[in-house]
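Enquirer: Prediction below, plus the sequence it came from.
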Amino acid sequence: MNCQPIRYPKGPKVVALGGGTGLATLLRGLKRYTDNITAIVAVTDTGGSSGRLRLELGMLPPGDIRNCLVALANTEPQMERLFQYRFPEGSQLAGHSFGNLFLATMCKVVGDFERAIKEAGRVLKIRGQVLPATLTNSTLVAEYVDGTLAYGETNIVRRKVPICRVSLDPPNCQPVPDALTAIAQADVIVLGPGSLYTSVLPNLLVQGIPEAIAASSAVKVYVVNVMTQPGETDGYTAADHVQAVIDHGGRRIVDWVLVNSKRPTSSTLARYQEEGAEPVLANRQQLEHFGIRIKEKPLLSVNDMARHDPGKLAEAVLKLLP
C-alpha cells in the first residue's frame, strides 16, 4: 500500500456502522482518504465507565462514541491523549476516561446527547460526523439456542451457549434523522468490523436503519472479523457472520464481503487460542451461496495483535467503489 495516500478534499461519502474498537480502526484509515465520513454508533454498552455513567446519570453510553471521535480527530495528539486518558485506581473517578466525562458534562450543559457529540467533534476537529444510532435508552437482549435470554451487553458474552438472535428493549427505537440522511446519500456503507452481536447488529435493530440501507444505491460492504470472539461467535466462519447479518437486517444490506486473507503469526495465534479465539475462515463456497461478492485481502496490522490495519482496511473498502 502507498504510504502516502491520496487525499480527497471532500471524497466519497462513507457511512460506517458499528461500535467498539473495530469501528474506530476503520475510521482511522478512512480519514486518510476522505473527509466525508459518517460513523453511526451502537449505544447499548453496559460495561465499564460507560455503564457507570449510564446508571448514575441516565445518559446514553459515551465510550464507543468517544473512540470514534478520537479516531476521526484532526487535532494535536495531546488533545487525543487527553480524551483517552483514564483515571487510575484510588479515586472516585477510577476507570473513567476524560472523554467520557467531557461528553457527560457537555450533555448536561447543552441538554442533548446528540448536540454534545457535535460540540465534542468541533473541539477535536473531526473529519466527518459521529452519530448515535438512536437516542432511545435501550437494552440489548440476546436469545440463545436453548431458548434462554440475557439482558445487557456485559451479561450476553458471559454465557457459553450459542446466540440465536438479539433484539432491543424497547423494540421501537427510532433512528437519528441525520443517520438516515447520511445512509441515503452514501457512496459506500460499511458494516463492521467489530463484535457481531454487541457492536454491529444493534445498529440494525433500530427501526428504519436496515430499510434505509437496503434502499440506498451505495455499495454495501460487510467486513468480517479477523478472529472469532469467545462467548459471542465461537466457531463462526465468515458465512456464519453473514448469515447473522442477513437474519437481522435482510438480504439487501450486503453486496460485498471483505475477508482478511493473511494468517496471524504462530505466536499470535497461540495467545488468542488461550483465550478461546481462532481465525475466522472464509469458506468461499458457503459465502457464494448468498449471491454476495467476496474480496479476500491481506488486512492484518503489523503488530502482534490479530486486528485489521486501518490503512489497508480503508483502501480495500474504497477500492470496491465502481
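Expert: Structure received.

Enquirer: helix, strand or coil for the residue in the chain sticking out farthest from the centre?
Expert: Residue farthest from the centre of the chain, counting by CA atoms, centre = their mean, is residue 90 at 31.5 Å. Assigned by DSSP: H, G, I helix; E, B strand; the rest coil, the conformation of residue 90 is coil.

Enquirer: ranges for the helices of the stretch 151-300 of the chain?
Expert: 153-156, 177-185, 201-204, 209-215, 238-249, 266-274, 284-288 (DSSP state H, counting those that start in this stretch).

Enquirer: do you know which of those helices lies nearest residue 110?
Expert: The closest of the helices of the stretch 151-300 of the chain to residue 110 is helix 177-185. By CB to CB, the value is 16.2 Å. Glycine gets a C-beta too; all of them are placed from N, C-alpha and C.

Enquirer: And the closest one, what does it pack against?
Expert: strand 37-41, strand 129-132, helix 209-215 (3 or more CB pairs under 8 Å, 6 or more residues apart in numbering; DSSP states H and E).

Enquirer: Please parse this structure into its domains.
Expert: Per automatic domain parsing, the domain ranges recorded for the chain read 16-42+175-322, 44-130.

Enquirer: could you dump stretch 62-70 to CSV, C-alpha only?
Expert: Coordinates of each C-alpha in stretch 62-70 appear next as CSV, following Å, rounded to 0.1, in the frame of the first residue of the first chain:
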residue,chain,number,x,y,z
PRO,A,62,-20.4,7.5,25.6
GLY,A,63,-17.4,5.2,25.3
ASP,A,64,-17.8,4.0,21.7
ILE,A,65,-18.8,7.5,20.7
ARG,A,66,-15.6,8.8,22.3
ASN,A,67,-13.4,6.3,20.5
CYS,A,68,-14.9,7.3,17.1
LEU,A,69,-14.5,11.0,17.8
VAL,A,70,-10.8,10.4,18.6
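
Enquirer: got the contact list for it?
Expert: 19-21, 23-24, 27, 39, 41-43, 45, 48-50, 53, 80, 83-84, 97, 99-100, 103-104, 117, 120-121, 124, 126, 130, 132, 199 (CB atoms under 8 Å, 6 or more residues apart in numbering).

Enquirer: how far out from the middle of the chain is that stretch?
Expert: Here the centre of stretch 62-70 is set off from its chain's centre by 10 Å, with CA atoms, centre = their mean, to the nearest Å.

Enquirer: Buried residues of it, list them for me.
Expert: By 16 or more other CB atoms under 10 Å, the buried positions in stretch 62-70 come out as 62-70.

Enquirer: Among those residues, name the ones in helices.
Expert: Within the buried residues of stretch 62-70, residues falling in helices by DSSP state H are 63-70.

Enquirer: where does the stretch 1-150 of the chain have low pLDDT?
Expert: 1-9, 76 (pLDDT under 70).

Enquirer: Tell me where it has helices.
Expert: So, for the stretch 1-150 of the chain - with DSSP H, counting those that start in this stretch - the helices run 20-30, 48-57, 63-71, 77-84, 98-110, 113-124.

Enquirer: between the ones you listed, which one is nearest to residue 281?
Expert: Of those, nearest to residue 281 by CB to CB is helix 20-30, at 18.6 Å.

Enquirer: What angle do strand 37-41 and that closest one make with each other?
Expert: 180 degrees (axes from the mean of the first three to the mean of the last three CA atoms, to 10 degrees).
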